[in-house]
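Visitor: generate a structure from the sequence data that follows.
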Amino acid sequence: MTNPRLPPGLPSMMTMPAVRFAGLLALCSAYIQGPITKILDFPGAVAEMEHFHLLPGTLFAILVIGFELIASLLVLTGHLRWIASLALSVFTLLATLIAVRFWEVPPGYDRLMAMNAFFEHLGLAGAFLIVAWYDLRERRQAGAR
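Guide: I've put the predicted structure just below:
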């Protein structure tokens, strides 16, 4: 029986593979855009790493670019999705703790913006955990059949 409060066809539309892919693409978008930006301005990427005391900056910039692109590709293709999602979750949490230390910003507008960015990134890390959880659950269910 269908739920009378939901528009007809909405539940089946939301389970379409294209909708799932669009959601995963949106989730990975910062991890695709960021490396592209770093590639197009590699000296800026190195300076960013050095700003956060990640030395040598060139090595860390290359590692971050490669990691974000490869992990995003794995999430989008479904190959080792759970591992890539878990890795992106941990990466996001660590990067946020390094780069968005809102508690060190003096009270005011800048602190509010940093706090918002911190919790937005925390939400991204949580979303990647959920993707890993669902992927592992699907794999377990498929193995049980």
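Visitor: which ones are touching the residue lying closest to residue 132 once chain neighbours are set aside?
Guide: Spatially, and ignoring its direct neighbours in sequence, residue 132 is nearest to residue 85 (3.9 Å; C-beta to C-beta, 6 or more residues apart in numbering). Placement of C-beta: from N, CA and C, glycine included. Applying C-beta atoms under 8 Å, 6 or more residues apart in numbering to residue 85 gives the contacts 75, 128, 129, 131, 132, 135.
Visitor: ok, which stretches of this structure are helices?
Guide: Here the chain has its helices, by DSSP state H, at 10-14, 17-40, 42-51, 57-77, 81-99, 109-144.
Visitor: from the contact counts, what lies against the longest one?
Guide: Meaning helix 109-144. Contacts defined by 3 or more C-beta pairs under 8 Å, 6 or more residues apart in numbering; DSSP states H and E place helix 109-144 against helix 17-40, helix 81-99.
Visitor: against residue 142, how distant is the residue nearest to residue 132?
Guide: 17 Å (C-beta to C-beta, to the nearest Å).
Visitor: how many neighbouring residues does residue 122 have?
Guide: As a burial measure, residue 122 scores 15 neighbours (other C-beta atoms under 10 Å).
Visitor: same check on the one 10 residues further on?
Guide: A total of 20 residues lie near residue 132 under the criterion other C-beta under 10 Å.
Visitor: I figured it hits residue 82, correct?
Guide: Yes. Assessed by C-beta atoms under 8 Å, residue 132 is found in contact with residue 82 at 4.4 Å.
Visitor: intersection of neighbour lists for those two?
Guide: Common contact partners of residue 132 and residue 82 (C-beta under 8 Å, 6+ apart): none.
Visitor: what's near enough to touch residue 81?
Guide: Contacts of residue 81 (C-beta under 8 Å, 6+ apart): 74, 75, 131, 132, 135.
Visitor: distance to residue 51 and pLDDT added to the residues you listed, as TSV?
Guide: Formatted as TSV, the contacts of residue 81 follow (distance: C-beta to C-beta, whole Å; pLDDT from 0 to 100):
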residue	distance to residue 51	pLDDT
74	28	98
75	28	98
131	30	98
132	30	98
135	34	96
